[in-house]
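>>> Sequence and predicted structure are below.
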Amino acid sequence: MNDGVNGVALGVFVFFFLAVTVMGFLAARWRRAADEHSLDEWGLGGRSFGTWVTWFLLGGDLYTAYTFVAVPAAIYAAGAAGFFAVPYTILVYPLIFTFLPRLWSVSHKHGYVTTSDFVRGRFGSKSLSLAVAVTGILATMPYIALQLVGIQAVLDVMGVGGGNSTNWFVKDLPLLIAFGVLAAYTYSSGLRAPALIAFVKDTLIYIVIAVAIIYIPIKLGGFDEIFKAASDKYTAAGAGGLVPAQAGQWTYATLALGSALALFMYPHSVTATLSGRSREVIRRNTTILPLYSLMLGLLALLGFMAIAAGVKVTNGQLAIPQLFENMFPDWFAGVAFAAIGIGALVPAAIMSIAAANLFTRNIYKDFINPAATPRQETQVSKLVSLLVKVGALVFVLTMDKTVAINFQLLGGIWILQTFPSLVGGLFTRWFHRWALLGGWAVGMLYGTTAAYGVASPTQKHFGGSSKEIPGIGEIGYIGLTAFVLNVAVAVVLTFALRAFKAPDGIDETSPLDYTADAGDPGVETELPPATADASH
């Protein structure tokens, strides 16, 4: 790592950062609506985005700076087991093709802004809606923090900030500036800002990966040398070479499957989805989004290249930025760093908006101020989006980075427990609302307790996301085990509650709502008032 500042790389980075900052503020004028003071406009971009805008927005949403840094870093540190991210992004697209168009249709019909809006309307339960909202907010917070960790990693490698010998304010000033810019244009432009910036972000990432996958192997003597160096390292470390060890195959498979089930449960994924202007936009996106999986597979190979290039870092998250610093000319290293930095800004903005929408619609409006006007909802959401980002910033500045990563893994365990309520509710009303709440509680309790008991070389608790599966004896993903318990409890309780004829709640949706499209007769975009029975 360079001792001084890489001036050329920093200059290129600043150029792109300033460019997207200007775009972020100008986005407020992009497709400006007649009434800007509504959550549909600020938080969902007016539900007006077409196929390509939605594709870039979803891609910018799902493939973050953390993905860019952490996936190859996992392969750099742990071997082929880090490739689990590639199959899970392949598994996820056929899955979402079955339910995302249904979610878009019913949300468009009833004006739902969040998943919790749908759960409340489907099951007539504010309690279940609150559980889904709180889970979404908790799972999103460390995810936002990791985007800031990605920016910080790039700044450290460029020699800006970082270091233990400087004053804390000077050390963190670049990150504080990036945070301030992100907060300002998100507050001003809402979802339109990351939607516009996502074009620049994804273009830069595709360029960087295309160059890296050709240029770096040429400098290192070809892929034969790269794979040989990686295999030698993993074999010497007892990590099983280029193939996951047999003992880790259950972990690999359950982590891939559990992650696929969880990915579109995150609030930011749904926010980007609901911004589409038609059902067909969502269907088309589920068929072209796999192009990002191709990019991810190539990106993962950077972990092998870092080994072959002799990159040595104490923090694995710095491996890929350091690889770029070592291998690329300074000016192109700046382009690569800009891709990572902007790759953090886009998802961080969407995540903060999604978390703010959950708080506004499903906590503030449902429990604090039921009479809130659209203007008040928008103002509260803007303020909460700032608070969420401040919380993430404090998290990054005050805690060890490995803690942030492990809490993000815990967030994945948590968010998976909302799957039965959301996806189950999109296809059936059979589950009882109280049974779903009971299943959620069991899944959350087991998942959190099990993760708390996992130790790592650096942490006594929350040291990972895998543990022995009860009754099987293999090591597997805690989130998937918790999900199975969640569903089992929900099924058993549903039978019991229906036998005792427990109140079932009012379903405000109808079968035709799940296939409705924009422009269909009777399709509205205003959320009906909560039913009298929705307080259970």
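Perfect, thanks for sending it.

>>> ok, and the closest non-adjacent residue to residue 205?
Leaving aside its sequence neighbours, residue 205 sits nearest to residue 339 (C-beta to C-beta, 6 or more residues apart in numbering; 4.8 Å). Any C-beta I mention is one placed from the backbone N, CA and C, and that applies to glycine too.

>>> Now for that neighbour: which residues touch it?
Applying C-beta atoms under 8 Å, 6 or more residues apart in numbering to residue 339 gives the contacts 68, 201, 204, 205, 207, 208.

>>> Isn't the last one up against residue 334?
No. Shown here, residue 208 and residue 334 do not form a contact pair, counting by C-beta atoms under 8 Å, at 10.8 Å.

>>> now the contacts of residue 339: which count as buried?
Buried members of those, counted by 16 or more other C-beta atoms under 10 Å: 68, 201, 204, 205, 208.

>>> need the strands for the stretch 351-500 of the chain, in chain order.
Assigned by DSSP state E, counting those that start in this stretch, the stretch 351-500 of the chain shows strands spanning 466-468, 475-477.

>>> how many neighbours does residue 504 have?
By the criterion of other C-beta atoms under 10 Å, residue 504 has 17 neighbours.

>>> quick one: pLDDT of it?
Reported pLDDT at residue 504 in the predicted model: 90.

>>> any idea how far it is from residue 434?
According to C-beta to C-beta, to the nearest Å, residue 504 and residue 434 sit 9 Å apart.

>>> just the contacts of residue 339: which has the poorest pLDDT?
Scoring the contacts of residue 339 by pLDDT puts residue 68 last, at 79.

>>> Would you mind listing the outside residues contacting the strand or helix carrying that residue?
Residue 68 is part of helix 65-78 when elements are defined by DSSP states H and E. Residues outside helix 65-78 that contact it (C-beta under 8 Å, 6+ apart) are 81-83, 85, 143, 146-147, 149-151, 153, 205, 239, 296, 299-304, 306-307, 311, 316-317, 319-321, 339-341, 343-344, 347, 405, 408.

>>> Got a quick PyMOL command for the buried subset of those?
Buried residues within the contacts of helix 65-78, by 16+ other C-beta under 10 Å, are selected in PyMOL with:
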select buried, resi 81+82+83+85+143+146+147+149+150+151+153+205+239+296+299+300+301+302+303+304+306+307+311+316+317+319+320+321+339+340+341+343+344+347+405+408
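
>>> so who does the most centrally placed residue in the chain touch?
Nearest to the mean C-alpha position of the chain, by C-alpha atoms, centre = their mean, lies residue 62 at 5.5 Å. Residues in contact with residue 62 (C-beta under 8 Å, 6+ apart) are 89, 263, 269, 289, 292, 347.

>>> How about residue 215?
327, 328.

>>> coming back round to it: let's have the strands of the stretch 351-500 of the chain in TSV, adding mean pLDDT and distance to residue 396.
As requested, the strands of the stretch 351-500 of the chain are exported to TSV (pLDDT from 0 to 100; distance: least, C-beta to C-beta, whole Å):
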stretch	mean pLDDT	distance to residue 396
strand 466-468	90	25
strand 475-477	92	26
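
>>> For residue 243, which three-state class applies?
coil (DSSP: H, G, I helix; E, B strand; the rest coil).

>>> And the residue lying closest to it once chain neighbours are set aside, how close does it get to residue 304?
Leaving aside its sequence neighbours, residue 243 sits nearest to residue 80 (C-beta to C-beta, 6+ apart; 5.8 Å). Distance of residue 80 to residue 304, computed by C-beta to C-beta: 9 Å.

>>> Ok, residue 184 next?
39 Å.

>>> Count the neighbours of residue 508 for me.
By other C-beta under 10 Å, neighbour count at residue 508 equals 19.

>>> Would you confirm that it contacts residue 125?
No. At 11.7 Å, residue 508 does not count as touching residue 125 under the criterion of C-beta under 8 Å.

>>> picking up where we left off before, and the angle for the host helix or strand of the residue nearest to residue 205 with helix 65-78?
Assessed by DSSP H and E, residue 339 sits inside helix 330-359. On the basis of axes from the mean of the first three to the mean of the last three C-alpha atoms, to 10 degrees, helix 330-359 is oriented at 110 degrees to helix 65-78.

>>> tell me the average confidence for helix 330-359?
The pLDDT scores in helix 330-359 average 91.

>>> Could I get the buried residue list for it?
Within helix 330-359, the residues that count as buried by 16+ other C-beta under 10 Å are 332-359.

>>> What of stretch 42-55?
Applying 16+ other C-beta under 10 Å to stretch 42-55 flags 42, 43, 44, 45, 46, 47, 48, 49, 51, 53, 54, 55 as buried.

>>> Using JSON lines, lay out the residues you listed together with secondary structure and distance to residue 466.
Shown next, in JSON lines, are the buried residues of stretch 42-55 (DSSP: H, G, I helix; E, B strand; the rest coil; distance: C-beta to C-beta, whole Å):
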{"residue": "42", "secondary structure": "helix", "distance to residue 466": "39"}
{"residue": "43", "secondary structure": "helix", "distance to residue 466": "35"}
{"residue": "44", "secondary structure": "helix", "distance to residue 466": "36"}
{"residue": "45", "secondary structure": "helix", "distance to residue 466": "38"}
{"residue": "46", "secondary structure": "helix", "distance to residue 466": "42"}
{"residue": "47", "secondary structure": "helix", "distance to residue 466": "39"}
{"residue": "48", "secondary structure": "coil", "distance to residue 466": "42"}
{"residue": "49", "secondary structure": "strand", "distance to residue 466": "37"}
{"residue": "51", "secondary structure": "helix", "distance to residue 466": "38"}
{"residue": "53", "secondary structure": "helix", "distance to residue 466": "37"}
{"residue": "54", "secondary structure": "helix", "distance to residue 466": "34"}
{"residue": "55", "secondary structure": "helix", "distance to residue 466": "33"}
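
>>> Just checking, which of the contacts of residue 62 comes out lowest on pLDDT?
In terms of pLDDT, residue 292 ranks lowest among those, with 83.

>>> where does the stretch 101-250 of the chain dip in pLDDT?
For the stretch 101-250 of the chain, residues meeting the criterion pLDDT under 70 lie at 161-171, 238-242, 244-245.

>>> try the stretch 301-450 of the chain
In the stretch 301-450 of the chain, residues with pLDDT under 70: 399-405.

>>> Deepest-packed of the strands of the stretch 351-500 of the chain, please.
Neighbour counts (mean count of other C-beta atoms under 10 Å) averaged over each of the strands of the stretch 351-500 of the chain peak at strand 475-477, with a mean of 23.

>>> what comes into contact with that strand?
Strand 475-477 has contacts (C-beta under 8 Å, 6+ apart) with 247-248, 250-251, 253-255, 257-259, 465-469.

>>> now these: which count as buried?
Buried by 16+ other C-beta under 10 Å: 248, 250-251, 253-255, 257-259, 465-467, 469, out of these.

>>> who's in contact with the residue nearest to residue 117 when sequence neighbours are not counted?
Leaving aside its chain neighbours, residue 117 sits nearest to residue 361 (5.7 Å; criterion: C-beta to C-beta, 6+ apart). Going by C-beta under 8 Å, 6+ apart, residue 361 touches 39, 113, 114, 116, 117, 133, 377.

>>> Number of residues surrounding the last one?
Counted with other C-beta under 10 Å, residues neighbouring residue 377 total 23.

>>> what's the answer for the third one, then?
Using other C-beta under 10 Å, residue 114 is surrounded by 28 other residues.

>>> Surely it is in contact with residue 268?
No. With contacts counted by C-beta under 8 Å, residue 114 stays clear of residue 268, the gap being 11.0 Å.

>>> Among the contacts of residue 361, which ones are in strands?
Per DSSP state E, strands hold no members of those.

>>> Identify the spatial nearest neighbour of residue 463, chain neighbours not counted.
Once flanking residues are discounted, residue 463 sits nearest to residue 456: 2.9 Å by C-beta to C-beta, 6+ apart.

>>> how close does that neighbour sit to residue 280?
To residue 280, residue 456 is 46 Å away according to C-beta to C-beta.

>>> again, but for residue 479
Computed as C-beta to C-beta, the residue 479 to residue 280 distance reads 32 Å.

>>> Those two - which one has more neighbours?
A side-by-side neighbour count of residue 479 and residue 280, using other C-beta under 10 Å, places residue 479 first with 31 against 15.
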